[in-house]
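A.B. asks: Model the structure of this input:
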Amino acid sequence: MTASSSLRTFSITDKDIVDYLQQHKDFFVDKLSLLADLELPHQTGGAISLVERQVSILRDRNIDMRHRLNALLDNARTNDKLFEKTKRLILNLLEAQDINDLLNALMDSFDNDFEIQQTVLLLFNERIDKATISVTGHIQVVPLKTAQEILGTIISNNQTVCGQLDTAEQQLLFQEHANRIGSTAITPLASANPLGILAIGNEDPEYYRSSMSTLFLTYIGEVLSRLLPQHLNKG
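C.D. replies: Numbering: from 1, shown residues only. Okay, the predicted model is just below:
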């Protein structure tokens, strides 16, 4: 084989060029005219220079970053509003003089400030005199054993959960409103022993999802777990 025929059979592949440029990233530094003359196909069917293509890519990345930043800012604003609502509620709970003050502060905040569709506070303390509770429609008092038969896992895990309940769970918590509830967020209340369950519901099956943050509801539940025994034991 002659030298000329050897040269004719040697060919450079696209991969060879890509590998070379990856290993020599400063190749175009002193070849600006070549960089400007290179053309790439555009989505519109025309051709643009490599520089224009790079500018287009950077512009798209910039737009994507702005969208991500806006999403973070929106989330921060939402959390800030939730924090303010939660702070007002906690202060009102701390100022409550009796169990009815406490329950009224809780339900008023959830109904009007948080705008929650359905709220239920299920209490397990069988020694509670129902006649002393004037808040109606939101409060239920049931034996702990009865609640454990239906909500056993939720009570024993003692963690805030979100999602869809089964029929028995939903019926126990929301009673006549059970058929209207699509999704629920639940936080157990406990001190030395289980005290109850705070449940909120929405008709949208996807409104309360297992992937959503439960930080604020959990915090409210922890505050109630500390305040409820003080008022319940007064009787």
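
A.B. asks: all strands for the chain, in order.
C.D. replies: Ranges of strands in the chain, per DSSP state E, are 39-41, 47-49, 118-123, 139-141, 161-163, 183-190, 194-202.

A.B. asks: Between strand 118-123 and the longest one, find me the angle.
C.D. replies: If I follow you right, that is strand 194-202. Per axes from the mean of the first three to the mean of the last three Cα atoms, to 10 degrees, the angle that strand 194-202 makes with strand 118-123 is 170 degrees.

A.B. asks: Tell me which residue is most central in the chain.
C.D. replies: For the chain, the residue sitting closest to the mean C-alpha position, by Cα atoms, centre = their mean, is Met212 at 2.7 Å.

A.B. asks: Give me the nearest residue to Asn157, chain neighbours excluded.
C.D. replies: Setting aside the residues directly before and after it, Asn157 is nearest to Pro188 in space (Cβ to Cβ, 6 or more residues apart in numbering), at 7.6 Å. For glycine as for every other residue, the C-beta is placed from the backbone atoms N, C-alpha and C.

A.B. asks: Could you check how far that neighbour is from Gln97?
C.D. replies: Spatial separation of Pro188 from Gln97 under the definition Cβ to Cβ, to the nearest Å is 26 Å.

A.B. asks: Name the residue in these two with the higher neighbour count.
C.D. replies: Under the neighbour definition other Cβ atoms under 10 Å, Pro188 and Gln97 were set side by side, and Pro188 has more, 23 against 8.

A.B. asks: still on that earlier bit, save the strands of the chain as TSV, and put in mean pLDDT and distance to Leu82 too.
C.D. replies: Supplementary listing: these in TSV, determined by pLDDT from 0 to 100; distance: least, Cβ to Cβ, whole Å:
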stretch	mean pLDDT	distance to Leu82
strand 39-41	59	47
strand 47-49	56	47
strand 118-123	94	16
strand 139-141	88	24
strand 161-163	94	15
strand 183-190	95	13
strand 194-202	95	13
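
A.B. asks: what would these look like in TSV with distance to Leu21?
C.D. replies: Output for the strands of the chain, formatted as TSV (distance: least, Cβ to Cβ, whole Å):
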stretch	distance to Leu21
strand 39-41	14
strand 47-49	16
strand 118-123	62
strand 139-141	71
strand 161-163	50
strand 183-190	53
strand 194-202	55
